[in-house]
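A.B. asks: Dropping a prediction and its sequence here:
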Amino acid sequence: MPALLPTPRTGPRLLDAERLARVEDGERLHALLWRAGPGWRMAGSAVLGGGIADCAWVLNAQVAHGYRRTDPAAHLAELARAAGAEGRGMGLMTAADVRDLGRARDGGAEAVVTAGISVRGWAAAPPETVTGTPGPGTINIVAALPVALSDAALVNAVITATEAKVQALLDAGYDCSGTPTDAVCVAALAPRPGTRTHPFAGPRSEWGARLARAVHRAVLDALPAPAPR
């Protein structure tokens, strides 16, 4: 059995992500760039670099309302290169102003959330209500854990973060499970010889519980108040 050695955090804190700005098609747009550095393994549904892989950065970029480009992954790659991000990373996009972010920390678990909720609904919607192509108004969740997780636990962590998002939406008074384009990215330390790799990240596991609480609070922090009915 691997030794239960302390696992130090490496790289800058997620909550200290760099804030970027650019002018695109005459509009000033913003982005958040977390330069995690080496030693991180991530799982996510990101437009650019999604899946499970060793990654060194995460970019969450605002795009214009009415976004019309048909190559979002290439667009995000261009923005990452322009910002000097090196190596493999994950890129997310949203029409929300990413300066209006929510953030939270719980026992070492960190979460940063941006929330665009103009197009929202329930995941299991009747087929007749699902029409057209949704725009990039999106709830983007980026979370980090200062421990190593197995690949299965990383997938479990994405599920836990999503469950916490839905709980926050309901607690905030929104009658929905999210938007059609929500994205999640969870980072954990890459496994190393001699250190413990956590096999679980469900909401009742040690680190899954911390992740859930951090995401829940960060989503609440990011959401605008719902309009009165």
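C.D. replies: Nice, thanks for sending it over.

A.B. asks: for the chain, what spans make up the strands?
C.D. replies: Using DSSP state E, the strands of the chain run over residues 18-24, 27-35, 40-44, 51-54, 57-62, 89-94, 102-106, 109-115, 139-149, 183-189, 197-198.

A.B. asks: how far does the fourth one sit from the chain's center?
C.D. replies: So the one you mean is strand 51-54. 14 Å (Cα atoms, centre = their mean, to the nearest Å).

A.B. asks: Contact partners for the residue nearest to Cys176 when sequence neighbours are not counted?
C.D. replies: Among residues not flanking Cys176 along the chain, Arg120 sits closest, at 4.2 Å (Cβ to Cβ, 6 or more residues apart in numbering). For the C-beta atoms, the positions are set from N, CA and C on the backbone; glycine is no exception. Residues near Arg120 by Cβ atoms under 8 Å, 6 or more residues apart in numbering: 174, 176, 178-179.

A.B. asks: how far away is Arg120 from Ser177?
C.D. replies: Arg120 is 8 Å from Ser177, where distance means Cβ to Cβ, to the nearest Å.

A.B. asks: tell me which residues in the helix ranked longest in the chain are buried?
C.D. replies: What stands out as the longest helix in the chain, according to DSSP state H, is helix 151-171. Within helix 151-171, the residues scored as buried using 16 or more other Cβ atoms under 10 Å are 153-154, 156-158, 160-169.

A.B. asks: nearest to Ala43, of the contacts of Arg120?
C.D. replies: Gly178 (18.0 Å; Cβ to Cβ).

A.B. asks: Quick check: bridge partners of the closest one?
C.D. replies: Applying DSSP bridges to Gly178 gives these bridge partners: Gly121.

A.B. asks: same thing with Asp54?
C.D. replies: Bridge pairing for Asp54 - DSSP bridges - gives Arg41.

A.B. asks: go on, Ala109?
C.D. replies: Those that pair with Ala109 in a beta bridge, by DSSP bridges, are Asp106.

A.B. asks: what does the one 5 residues further on give?
C.D. replies: Note on Thr114: beta-bridge partners Asn140, judged by DSSP bridges.

A.B. asks: For it, give me its contacts.
C.D. replies: With contacts defined as Cβ under 8 Å, 6+ apart, the neighbours of Thr114 are 32, 60, 94, 96-98, 100-102, 138-140, 222.

A.B. asks: got a pLDDT number for the nearest residue to Gly208 once chain neighbours are set aside?
C.D. replies: Excluding the flanking residues, the one nearest Gly208 by Cβ to Cβ, 6+ apart is Ala201, at 4.1 Å. Model confidence at Ala201, given as pLDDT, is 98.

A.B. asks: distance of Ala201 from Val147?
C.D. replies: Going from Ala201 to Val147 by Cβ to Cβ gives 9 Å.

A.B. asks: Would you mind grabbing the residues shared as contacts by these two?
C.D. replies: Counting by Cβ under 8 Å, 6+ apart, the residues touching both Ala201 and Val147 are Trp207.

A.B. asks: Of the two, give the one with the bigger neighbour count.
C.D. replies: Ala201 (31 against 21; other Cβ atoms under 10 Å).

A.B. asks: How about the contacts made by that one?
C.D. replies: Ala201 neighbours (Cβ under 8 Å, 6+ apart): 145, 149, 153-154, 156-157, 160, 186, 207-208, 211.
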